[in-house]
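Peer 1: Give the three-dimensional model of this entry:
(4 chains)
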Number of protein chains: 4
Amino acid sequence: MTYGSKALRRAVLRANKMIPEAGLAQLTWGNVSGIDREAGLYLIKPSGVAYDDLTEDHLVPVDLATGKVLAGDLRPSVDSESHRAFYLAWPSIGGVTHTHSTNAVAFAQAGLDIPLLGTTHADTFNGPIPVTRGLTADECATDYELNTGRVIVETIGDDAAAEAMPAALVANHGPFTWGSDPIKSVQHGIICEAVAEMALKTLALNPAAVIPQHLQERHFKRKHGPGAYYGNPKP
Amino acid sequence: MTYGSKALRRAVLRANKMIPEAGLAQLTWGNVSGIDREAGLYLIKPSGVAYDDLTEDHLVPVDLATGKVLAGDLRPSVDSESHRAFYLAWPSIGGVTHTHSTNAVAFAQAGLDIPLLGTTHADTFNGPIPVTRGLTADECATDYELNTGRVIVETIGDDAAAEAMPAALVANHGPFTWGSDPIKSVQHGIICEAVAEMALKTLALNPAAVIPQHLQERHFKRKHGPGAYYGNPKP
Amino acid sequence: MTYGSKALRRAVLRANKMIPEAGLAQLTWGNVSGIDREAGLYLIKPSGVAYDDLTEDHLVPVDLATGKVLAGDLRPSVDSESHRAFYLAWPSIGGVTHTHSTNAVAFAQAGLDIPLLGTTHADTFNGPIPVTRGLTADECATDYELNTGRVIVETIGDDAAAEAMPAALVANHGPFTWGSDPIKSVQHGIICEAVAEMALKTLALNPAAVIPQHLQERHFKRKHGPGAYYGNPKP
Amino acid sequence: MTYGSKALRRAVLRANKMIPEAGLAQLTWGNVSGIDREAGLYLIKPSGVAYDDLTEDHLVPVDLATGKVLAGDLRPSVDSESHRAFYLAWPSIGGVTHTHSTNAVAFAQAGLDIPLLGTTHADTFNGPIPVTRGLTADECATDYELNTGRVIVETIGDDAAAEAMPAALVANHGPFTWGSDPIKSVQHGIICEAVAEMALKTLALNPAAVIPQHLQERHFKRKHGPGAYYGNPKP
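Peer 2: Numbers count the residues shown, from 1 in each chain, chains lettered A, B, ... in the order given. Predicted coordinates:
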C-alpha cells in the first residue's frame, strides 16, 4: 500500500531535492514534508538518507494524530515531530521545510530576528523573521523535537499569522519554513536564506538601516490578499 | 500577430535567462525588457514566470505611450511601469534590467550609494552608483511602480547622464540597470553586483578608501567617448 | 602487487575527489588517506597531482610503522607524516583528511578555536574545534610534518577524545579531520568548513553569542552513543 | 603565418579559459599572455572578446621590443603594454595573468598589501603580496598601461624577486600575476584570490593576526629552491 497521492509524493520528493540544488544544506541535512489532510498523514524525508539516493519509495508516511510511522522500515527525519506540531497548529499549511542554510543559521546562532530591511523580504514575510526563545533544559530532555515545534508555534501564533510569516528561526539551531504545499515551503526557505544574507551585509554597511512602514506594506500587499497583482497562472 | 522583431524577442529572452545564470536573483525574481522604438512598444518578462519555463512566446508586448498590454493573456512584470518611465525619459536606451542581486540590494537597504573605489567600477559607471531618495507614502499608495521609475529618473537626470551612469539603486529595494540593448542592460546588472561586492569588502578593510580622480577618468574614457580604445568587433 | 583492498582504494579515491567537489581546496591542495590496519599501511594521495588526473593506481601505499613508501614512483602527500601520527595515536580511526577550506583556515590564521554556537556544530563536534599551539622553530626545522601531527594529537588527546572531536585546526595553517573511514573523514571536513562559515557570520552579528549547554548535549547525543536516534541503514 | 608554437597557443588559450572557470572575472574581464622568447613575441587575449568565443586563432601576437601587433585584425588586450613591461624586466617569466578577482581587488581598492597570515600564502608567495603606489596624473595621462607595468616592476624588483613574489596588486585596480608559463601565471592568480579571501576573513576575526617567521620560511622552502620536496612529475 502506498500513502499519499502520486502528486503529493512527487512534490515532496522534488521539494527535498531542491534543498541541495539551492545550496541550503550540506550532506544529508535538511528535510521537507507534505501533508494529506484527508488521510490524516504526512510524508517526510527519512533520517540521514543522501539526497542523490532519495526516491519516492523512501518517503516515510507518518500519522498526524500520533506521530507514528504508518509503513516501511525507515525512520523519519528526527525533526518529524516538529513538522507534526506545525500541521496540528496550522490547518491551512500543506508543507514544511527545515534547512541549515548558512546565513539564516547565523541569525539563529546570534539569537537575532532577521530584520525587515527591504522589499525582497517584505514581498514574502510580513515583518522580521522571528527567532524563538531558547528551549529550557526540561524541554530539551523530553520530547525535544516536539517542543521545538511548539516553541515555534508559540512564537508565530495562529493560522493567519503563520500565513503572513511563513518562517521562524529556532534559537542556536536554524530555520523552519512552511507554505500551502511542499514546494512553496522550500521556496520560503530559499527566500529566508537570501534575505538573511542581504540583511547581514546591510547591517555591516549600516547598523541603523530601516525600511519605511508604507513601503513594507505596499510590497507585502502586491503579493498577498485581495488586492494582490503579482504573478500569472503557470503558462 | 507577433510584436517586435525576431532579433529583439531573442535578445529579451536571452537577457532574461542571464539573470539566473549570473546568480542575480532567486526563483522568479528580476526581469528584463527591450524596446522597439519604431513600433512604440517594449517586450518584457511576464510576472512570476519561472526562468526555466520562459519562451519568446511568453514575452509581453506593452504599449510605450499608455503602458497597456497589446496582446496575450499574461500580465507583464509588476515592474513594467518602472521600465516604461525609463524608456520615456531616455530615448537612447534599448533595454532595462531589474534584479535583486545580493550585494547591490545590501547597499540599497543600507541607503548608501555604491562608492567608486576602483577601475572595475570606473570602466562602466562614471561616478558612485546612486541610491534614490525613499518614496513618500503618497508615491507608494498610487502608481507605485511608475513612481519608482520616476524617482530613478529624478536621481539620474537626462539621456546623456543615463548613458554615463547606467544603474541606480532604489532605496530599500534594489538595482535597476539599462543599456543600448537588453543584453547590455543585464551586463550592467552583472557589473553593478560585482562592484557592490568589491566595495562592501573594500570598506570592511578600509572605511576611508578612495580613488584618485585622474585614474577614474582614465578608465571611464578607455571604454567611452571618442578616444575609447577598449574592445574589438565580435570575431 | 596492489596494496589495500579494492574497497579501500575506491573509498580513498572517492574521498579525495570530494575535496574539489565540495569546494574545500583549490588546485592540488588537500589530501585524504585511508588505512588497512591489518596490513599496517595506509593509502594516500600523491603530492601535487591534479584531482582530475587522479586514479586508484596513483594512491601511494605507506608503511604505518616507518612512514616509508611501499611501492611505486610517486611521492606521497607532503602531509603524509601528519596522517601517520594520527593513525599511530588513535587506533579507531580509518581515514584522515586535510584541506585548505577558506573559513576554517581563517580561524586557524586568526589563532582561534571555532566556537560551538549551534546545533549544526554540536551534531558532530562535542565542543569548540580547537586550534593548536604554534610549532616551535625546532619543530619546524626537523620532522615538520610529523611534528604537525604530534601537536594535533597533543591538542586532542586519546582515541575516545578523537572520536568526540574529529577535527582540529593547525595554527596559521588549516584543518585536519578524521573519521572511521576515508569518506567520513572528508565529511567531517565539509562540516568543519560549514560551521566555520556559520560561526564567522554569527560573530559578525553578535560577538557575545553562546549556546546553552543542555542544547549542545542533546544534539551531540542525538547522533552519538547508545541513545542515538539519527539516521537509517543506507536504503 | 602563425606565431608561437602549437604548445604555446594551446597553453595561452587554456590559461585564458581558466579565468572564468575559476570565477576570477566577469564577462570579458581579465587576460593571459604567454611568451616565445626566441621569436621575441608574446601571444595575448584580444580586447573585449567573450571567453566562450575565444579560439587559438584569436590570440594576438605582439612584438616584445616594440609592442606592435604582428598580424591579424584584432586589437590586443588594453593591458598588453603592462604584460610587455614584465616580460622586458623579468627574463625568466613565461606567462602573465590579469584578473579582477573580488577579494584581491578589495585589497587593491583598500590600498593594502595582502598580509602573509598562513601557510596557504607562504607556499607560493615569499611575503605579503604588495600593493603598488598610485600612478601620478602624468603616468595616467600618457602610456598609462605601460606605466602600470613599470610601477609593478618598481614595486617587485628584479627577476629573482619576481620569482619569489609572482603577484602584485595595482592600487585601486587589481591583481597581476606571472609565472614560468601561462598556466602557472593563472594558477598564481587563483592562489592570490584564495589567500586574499582567507586574509580578509582572518582580519575580521582577529585584526592582530600574525604568522611566525620560521613557519613562513619552512612552507616557502617546501615548494621552492634546492631543498623543495613538494610535488611529483605529472603521472
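Peer 1: give me every residue that touches A:Glu139.
Peer 2: Going by CB atoms under 8 Å, 6 or more residues apart in numbering or on different chains, A:Glu139 touches A:Asn147, A:Val151. C-betas here are computed from N, CA, C, even on glycine.
Peer 1: Kindly give the local confidence score, pLDDT, for it.
Peer 2: pLDDT for A:Glu139: 96.
Peer 1: How far away from the center of its chain is the host helix or strand of it?
Peer 2: Assigned by DSSP states H and E, A:Glu139 falls within helix A:137-141. Its chain's average C-alpha position is 23 Å from that of helix A:137-141, according to CA atoms, centre = their mean, to the nearest Å.
Peer 1: how about that helix as CSV, C-alpha atoms only?
Peer 2: The C-alpha coordinates for helix A:137-141 follow below in CSV (Å, rounded to 0.1, in the frame of the first residue of the first chain):
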residue,chain,number,x,y,z
ALA,A,137,16.6,22.1,29.9
ASP,A,138,13.4,20.3,30.6
GLU,A,139,12.1,20.9,27.0
CYS,A,140,15.4,19.6,25.7
ALA,A,141,15.4,16.5,27.9
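Peer 1: Can you give the contact residues for the helix or strand just after it?
Peer 2: Of the helices and strands lying after helix A:137-141 in sequence (DSSP H and E), the nearest is helix A:144-156. Helix A:144-156 is contacted from outside by A:67, A:78-86, A:89-90, A:130, A:132-133, A:135, A:139-140, A:162, A:165, A:168, A:170, A:173, A:176, C:218, using CB under 8 Å, 6+ apart.
Peer 1: Would you list the buried entries among those residues?
Peer 2: Buried members of the contacts of helix A:144-156, scored by 16 or more other CB atoms under 10 Å in any protein chain shown, are A:67, A:78-86, A:89-90, A:130, A:132, A:135, A:139-140, A:162, A:165, A:168, A:170, A:173, A:176, C:218.
Peer 1: Could you pull up the residues touching A:Leu27?
Peer 2: A:Ala50, C:Gln187, C:Ile190, C:Ile191.
Peer 1: need the contact list for whichever residue of chain A sits closest to chain C.
Peer 2: Per CB to the nearest CB, A:Gly48 is where chain A lies closest to chain C, at 3.2 Å. By CB under 8 Å, 6+ apart, the contact list for A:Gly48 reads A:Thr28, C:Tyr230, C:Gly231, C:Asn232.
Peer 1: between those, which is nearest C:Gly118?
Peer 2: Among the contacts of A:Gly48, C:Tyr230 lies closest to C:Gly118 (CB to CB), at 16.2 Å.
Peer 1: From D:Ser185, how far out is the closest residue to the closest one other than its chain neighbours?
Peer 2: The shortest distance from C:Tyr230 to any non-neighbouring residue, by CB to CB, 6 or more residues apart in numbering or on different chains, is to C:Lys223 (4.5 Å). According to CB to CB, to the nearest Å, C:Lys223 stands 46 Å off from D:Ser185.
Peer 1: residue of chain A with the smallest distance to chain B?
Peer 2: A:Gly231 (3.2 Å).
Peer 1: and that residue, how many residues sit next to it?
Peer 2: 15 (other CB atoms under 10 Å in any protein chain shown).
Peer 1: How about the secondary structure of it?
Peer 2: Assigned by DSSP: H, G, I helix; E, B strand; the rest coil, the conformation of A:Gly231 is coil.
Peer 1: That one and B:Lys45 touch, don't they?
Peer 2: No - with contact defined as CB atoms under 8 Å, A:Gly231 does not count as touching B:Lys45 (12.0 Å).
Peer 1: so who does the residue nearest to C:Tyr230 touch?
Peer 2: C:Lys223 makes contact with C:Asp123, C:Thr124, C:Tyr230, C:Gly231, according to CB under 8 Å, 6+ apart.
Peer 1: Could I get the full set of strands for chain A?
Peer 2: Secondary structure of chain A by DSSP state E: the strands cover A:31-36, A:41-44, A:60-63, A:95-98, A:167-169, A:175-179.
Peer 1: And for the fifth one, what's in contact with it?
Peer 2: Around strand A:167-169, the neighbours that count as contacts under CB under 8 Å, 6+ apart are A:104, A:107-108, A:113-114, A:125, A:129-132, A:152, A:155-156, A:175-178, A:188-189, A:192.
Peer 1: for the record, mean pLDDT for it?
Peer 2: Average pLDDT, strand A:167-169: 98.
Peer 1: what does stretch A:44-52 give?
Peer 2: For stretch A:44-52, mean pLDDT is 96.
Peer 1: Against D:Glu145, how distant is the most centrally placed residue in chain A?
Peer 2: Centre of chain A computed as the mean C-alpha position; nearest residue by CA atoms, centre = their mean is A:Thr177, 1.5 Å away. According to CB to CB, A:Thr177 stands 51 Å off from D:Glu145.
Peer 1: what number of residues lie near A:His98?
Peer 2: Residues lying near A:His98 (other CB under 10 Å) number 30.
Peer 1: check contacts around it.
Peer 2: A:His98 makes contacts with A:Gly30, A:Asn31, A:Val32, A:Ser77, A:Asp79, A:Ser82, A:His83, A:Gly174, A:Pro175, A:Phe176, A:Thr177, as judged by CB under 8 Å, 6+ apart.
Peer 1: who's it bridged to?
Peer 2: Beta-bridge partners of A:His98, counted by DSSP bridges, are A:Asn31, A:Phe176.
Peer 1: any idea how far A:Ile19 is from it?
Peer 2: The spacing between A:His98 and A:Ile19, counted by CB to CB, is 9 Å.
Peer 1: for A:Val49, same thing?
Peer 2: For A:Val49, the distance to A:Ile19 - CB to CB - is 12 Å.
Peer 1: who touches both of these two?
Peer 2: Taking CB under 8 Å, 6+ apart as the contact rule, A:Val49 and A:Ile19 touch no residue in common.
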